[in-house]
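Enquirer: With the input below, show me the fold.
(one chain, ligands or ions: 1)
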Amino acid sequence: MATTRDEHSYAQPDKVRISDLALDLAVDFDRKQLSGTATYTLEWLDPQATQLVLDTRDLTITKVEGANREGQWTPLRYALAARDPILGSKLTIQVPERDTSVRVAYTTSPEASGLQWLEPAMTQGKQQPFMFSQSEAIHARSWVPLQDTPGVRFTYKAHVTAPANAMVLMSADNDPAAARDGDYSFTMPQPIPSYLLAIAAGDLVFEPISRRSGVWAEPAMVHKAASEFADTEKMIDVAEKLYGPYRWGRYDLLVLPPSFPFGGMENPRLTFATPTVIVGDKSLVSLVAHELAHSWSGNLVTNASWKNIWLNEGFTTYVQARITEALYGNELAEMERQIDQEELAREIKSGEIAPADQVLALPALAGRDPDEVLSDIAYTKGAWFLQFLEQRFGRDTFDPFLRGWFDSHAFKSATSDEFVDYLQANLLAKHPDMVTPAELDAWLHQPGIPAFAHRAQSRNFGIVDAARIAWSAEGKLPPASITTPWSTQEWTHFLDGLPETLPVERMGALDAAYHFSGTPNGELAQRWYPLAVRSGYHAGDDAMAAFLQVVGRRKLIMPTYEALVKTPEGLQFARDVFEKARPGYHPITTASVAALLAKAAPVASAASAADAPPAVSSTVPAPAAPATGGAPAP
Ligand SMILES: [Zn+2]
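Expert: Here you go, the predicted structure:
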């Protein structure tokens, strides 16, 4: 059990701990609110303790009660502290009788940071509104008062009412055959940390993939999604062979509207996924491998606080590659590794990630938003470290070691130090002289990527490089016989290797040949549009604006906004697009774009019109827009 202090929670779990949560909530689309009660089962650990401290953000608390031994509810005194911009408001409840049941009645704010409320026009079907949560890292407190720290786990039950035409799902035992009647009940029997609490409501239907797996989506999307994700059961099989049984019952996917700010979120039993990975050829289903991998790394063995997040994301990125390799071959896994590693190298070189944030074992993050600190270091450097260990010790040794880590820490939270102790005792001490202390230190405590790390080198990318060089030198586009078999990864590498800017005629020739402007593939769009902006190529401006208005996944749209704000005209274009897109963006995406535009404001006032819309307040906190797009998946 992790006892280290979590600087992102007011809770005092060493004194009293929530072991079970019972929610009774009503979904009100008109008011954009959830309201109801949260009832906690408490374990009092400190014999002197008589206070329950919870995390909240922008909640209206209407009543707090405790139940005595006879089950009679009586009001408890409580105080809601002033709002901290990062942590929210501390809720202190006086529980003089140390009741084992406490109940809080509350209502969420329409601006809750962990919920997005979408008008019907922003859905695919355009008939019904949609609502979904995103609790990681510290947004669960904006829709449930909680000990909102990954160091505390609890089981939960929920009763949720909604308009009769809305299907409600949670990170729990969703029933594929549930009647859509506006009255739903859920149970999550495995203890989970608060950031895995999740809810969604809308016009959602189900299509099975296998006995224990399937897809929930809007009716127009569900079949396409089920086809794209058809290999999910095979992925579960691969992961089970490597790391032991899948312990969560069903594994379903929920496809959200394109405004979802991330690639995916590993909500247990029900991964939330962006529709932007559904490109028709399964080339981006590594996202499913990633979210599924979290069923071991993250959901089963959880980072004890957010500074330890590489234990979630680095391990998951490593496991994801193992699943991808087993199903689709090492070449695809290697292409994805090379893309990630080169991306991280660019971010380190450009100064996008401060040296202090380039270490895996991060120091305390007090005063910083965990969403802001997260970068590709946790994902790519974390996975790279495990790959280094795998290469040194061999799979015959490393695979059982990693499975042992998951088994021995199942349903627990862990710190970096605990993993390093485990590594020392169970791998390094048993095979001495394989890894030096200096090598270990380089991975865990030094910035950058160790010089001795093995760089991924895809064979297929050699062909792509040759084609690009031939085009750069002679202006000869690679023939269809070369490019037709290219997958998303090869096109990604082709675009990644182009110069910072290209002459407009060359941009036009590329666009005419390969139709990058207007591509439905967000991985290509997020590379092509910034290149177009930097190159002054405007033929695709309308398609670019449409892309920025439809998609809200941060990883895909931030590079284009970042390129746009570098010139006064681009900044104006970005502002106009943001103005139109904003009602459809998630609060997390809105905050990222607003912060970027605010930072760019002086350029505009120096260079351009007085009638520009007022700059967004510079007091907006500046959440990073890491290329990975925040805590959940790439
Ligand atoms: Zn992840």
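Enquirer: low-confidence ranges in this structure?
Expert: Along the chain, the parts satisfying pLDDT under 70 run over 1-4, 602-634.
Enquirer: Kindly report the domain assignment for it.
Expert: For the chain, automatic domain parsing gives the domain ranges 9-201, 204-295, 301-445, 527-634.
Enquirer: first vs last residue of the shortest one, how far apart are they?
Expert: Distance between the boundary residues of domain 204-295 (C-alpha to C-alpha, to the nearest Å) amounts to 23 Å.
Enquirer: Just confirm yes or no for that domain near the ion.
Expert: No: counting by C-beta under 5 Å from the ion, the ion is not contacted by domain 204-295; separation bottoms out at 5.6 Å. Using the backbone N, CA and C atoms, a C-beta is placed for each residue, glycine as well.
Enquirer: circling back: winner for burial among the domains of the chain?
Expert: Greatest average neighbour count among these goes to domain 204-295 (a mean of 21), per mean count of other C-beta atoms under 10 Å.
Enquirer: Residue 467 and the ion, how far apart?
Expert: Noted for residue 467: a distance of 33 Å to the ion, by C-beta to the ion, to the nearest Å.
Enquirer: okay if I get the domains of the chain as JSON lines plus distance to residue 495?
Expert: Below are the domains of the chain laid out as JSON lines (distance: least, C-beta to C-beta, whole Å):
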{"stretch": "domain 9-201", "distance to residue 495": "28"}
{"stretch": "domain 204-295", "distance to residue 495": "15"}
{"stretch": "domain 301-445", "distance to residue 495": "11"}
{"stretch": "domain 527-634", "distance to residue 495": "4"}
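Enquirer: which ones are touching residue 471?
Expert: 477, 478 (C-beta atoms under 8 Å, 6 or more residues apart in numbering).
Enquirer: Nearest to residue 472, out of the domains of the chain?
Expert: With C-beta to C-beta, the closest approach to residue 472 among the domains of the chain belongs to domain 527-634: 13.7 Å.
Enquirer: what's the nearest residue to residue 188 if we skip its chain neighbours?
Expert: Using C-beta to C-beta, 6 or more residues apart in numbering and skipping residues adjacent in sequence, the residue nearest residue 188 is residue 172, 4.1 Å away.
Enquirer: How much space separates that neighbour from residue 301?
Expert: 20 Å (C-beta to C-beta, to the nearest Å).
Enquirer: if we can go back for a sec, residue 158 is in contact with the residue nearest to residue 188, correct?
Expert: Yes: the pair residue 172 / residue 158 is scored as a contact, 6.9 Å apart, by C-beta atoms under 8 Å.
Enquirer: where do the contact lists of those two overlap?
Expert: If you check residue 172 and residue 158 against C-beta under 8 Å, 6+ apart, the residues they both contact are residue 186.
Enquirer: would residue 155 count as being in a strand?
Expert: Yes: the assignment for residue 155, made by DSSP: H, G, I helix; E, B strand; the rest coil, places it in a strand.
Enquirer: mind checking how far it is from the ion?
Expert: 23 Å.
Enquirer: quick one: contacts for that residue?
Expert: By C-beta under 8 Å, 6+ apart, residue 155 lies in contact with 19, 20, 21, 188, 189, 190, 191, 192.
Enquirer: Could you check how far the fifth one is from the ion?
Expert: For residue 189, the distance to the ion (C-beta to the ion) stands at 23 Å.
Enquirer: Check the last one too.
Expert: Using C-beta to the ion, one obtains 15 Å as the distance from residue 192 to the ion.
Enquirer: List the contacts of that residue.
Expert: Residue 192 makes contacts with 153, 154, 155, 156, 171, 268, 299, as judged by C-beta under 8 Å, 6+ apart.
Enquirer: got the residues you listed as CSV, with distance to residue 459 columns?
Expert: Formatted as CSV, the contacts of residue 192 follow (distance: C-beta to C-beta, whole Å):
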residue, distance to residue 459
153, 44
154, 48
155, 48
156, 48
171, 40
268, 37
299, 35
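Enquirer: Please export the C-alpha coordinates of stretch 58-68 as CSV.
Expert: Taking Å, rounded to 0.1, in the frame of the first residue of the first chain, the C-alpha atoms of stretch 58-68 are listed here in CSV:
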residue,chain,number,x,y,z
ASP,A,58,-16.8,23.6,-8.7
LEU,A,59,-19.4,21.4,-7.0
THR,A,60,-22.4,22.8,-5.1
ILE,A,61,-22.7,20.9,-1.9
THR,A,62,-26.2,20.9,-0.5
LYS,A,63,-26.1,18.5,2.4
VAL,A,64,-23.8,16.1,4.3
GLU,A,65,-25.0,13.3,6.5
GLY,A,66,-23.6,10.5,8.5
ALA,A,67,-25.3,7.2,9.4
ASN,A,68,-25.1,5.8,12.9
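Enquirer: Specify the local secondary structure of residue 169.
Expert: From three-state DSSP, the assignment for residue 169 is strand.
Enquirer: Mind telling me what element the residue lying closest to residue 547 once chain neighbours are set aside is part of?
Expert: Computed as C-beta to C-beta, 6+ apart, the closest residue to residue 547 that is not its neighbour in sequence is residue 525, at 5.3 Å. Using DSSP states H and E, residue 525 sits in helix 522-535.
Enquirer: so how far is that helix off the chain centroid?
Expert: Distance of helix 522-535 from its chain centroid, counting by C-alpha atoms, centre = their mean, to the nearest Å, is 22 Å.
Enquirer: Kindly report the same for stretch 319-330.
Expert: Centre-to-centre, stretch 319-330 and its host chain are 21 Å apart (C-alpha atoms, centre = their mean).
Enquirer: Over to stretch 351-369?
Expert: Relative to its parent chain, stretch 351-369 has a centroid offset of 18 Å by C-alpha atoms, centre = their mean.
Enquirer: One more: stretch 541-554?
Expert: On C-alpha atoms, centre = their mean, the centre of stretch 541-554 falls 20 Å from the chain's centre.
Enquirer: what's in contact with that stretch?
Expert: Stretch 541-554 is contacted from outside by 258-263, 274, 276, 517-518, 522, 525, 529, 532-533, 557, 560-561, 573, 576-578, 580-581, 584-586, 588-589, 592, 625, 629-630, using C-beta under 8 Å, 6+ apart.
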